[in-house]
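> no FASTA, just this:
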C-alpha cells in the first residue's frame, strides 16, 4: 500500500514537471542562448546568426522546445518509474512492464513528432525567405549551411540540457521513494 502512494506521488511529480516545462519555455532556453552568446558561442558569424534566428521566432521556439522537452521528460520519467516500481518483481515482469509502457507511450511520441514536423514545415517557408535575404546580402550557401547546422545543434543542446535537469530531479525523487 505504501509503495502505491509513493508511486502515485512520483507520477504526480512527473505531471507537475510537464506543467513547469510548459510554463518556463522558452524563457529558460532564451536565457541559456543569451548566456551562451556571451560565454560559450563566441562571436563566430554562424553561432551569432543561428542564435538570433532562434530568438527571433519565439512562438516556433516555444512550440519546438516545449514539445521535445516534454516528450523526453515524459518517456524517461515513465521508464524510470516502471523500472523502480517493479524492482521487487522478477526480471520478466520488469521487461513486460517496460514494453507495455513503451507501447502506451508510442501515441504521445508520435503526436509530438507530428507536431514538430508540422511546425518545422510551416516555419520553413519563413526560413526560405530569411535565407534568400541573407543570400542577397552576400552570404554563401556554405555559410547558410553552417548557420542551419548550428541552429539545429543549439535546439538539440537546449532540449538535452533542460530534459537532463528535469530527469535528474525525477531520478532523485524516485530513488528516494
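Now that the structure is in, tell me what you want to look at. Quick caveat, the model's predicted, so the values are computed rather than measured. Numbering: from 1, shown residues only.

> got a list of what the residue lying closest to residue 25 once chain neighbours are set aside touches?
Distances taken as C-beta to C-beta, 6 or more residues apart in numbering place residue 66 nearest to residue 25, at 4.3 Å, with adjacent residues excluded. Using the backbone N, CA and C atoms, a C-beta is placed for each residue, glycine as well. Taking C-beta atoms under 8 Å, 6 or more residues apart in numbering as the contact definition, residue 66 lies against 21-22, 25-26.

> mind putting the residues you listed in JSON lines, neighbour count included?
Supplementary listing: the contacts of residue 66 in JSON lines, determined by neighbours: other C-beta atoms under 10 Å:
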{"residue": "21", "neighbour count": "22"}
{"residue": "22", "neighbour count": "13"}
{"residue": "25", "neighbour count": "22"}
{"residue": "26", "neighbour count": "22"}
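
> Next up, the contacts around the nearest residue to residue 61 once chain neighbours are set aside.
For residue 61, ignoring the flanking residues on the chain, the nearest one in space by C-beta to C-beta, 6+ apart is residue 26 at 4.7 Å. Shown in contact with residue 26 (C-beta under 8 Å, 6+ apart): 58, 61-62, 65-66.

> on that earlier part again, tell me how far the residue nearest to residue 25 lies from residue 172.
For residue 66, the distance to residue 172 (C-beta to C-beta, to the nearest Å) stands at 23 Å.

> same thing with residue 29?
Taken as C-beta to C-beta, the span from residue 29 to residue 172 is 23 Å.

> And those two? Which one has more around it.
Shown here are residue 29 and residue 172; by other C-beta atoms under 10 Å, residue 29 has more neighbours (25 against 10).

> so what does the one helix or strand that one maps to touch, helix or strand wise?
Per DSSP states H and E, residue 29 falls inside helix 27-39. If you count contacts as 3 or more C-beta pairs under 8 Å, 6 or more residues apart in numbering; DSSP states H and E, helix 27-39 packs onto helix 45-56, helix 58-85, helix 141-176.

> try it again with 7 Å
On a contact count with 3 or more C-beta pairs under 7 Å, 6 or more residues apart in numbering; DSSP states H and E, helix 27-39 meets helix 45-56, helix 141-176.

> Just put these in CSV and tack on mean pLDDT and distance to residue 120.
Shown next, in CSV, are the helices and strands packed on helix 27-39 (pLDDT from 0 to 100; distance: least, C-beta to C-beta, whole Å):
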stretch, mean pLDDT, distance to residue 120
helix 45-56, 82, 13
helix 141-176, 83, 10
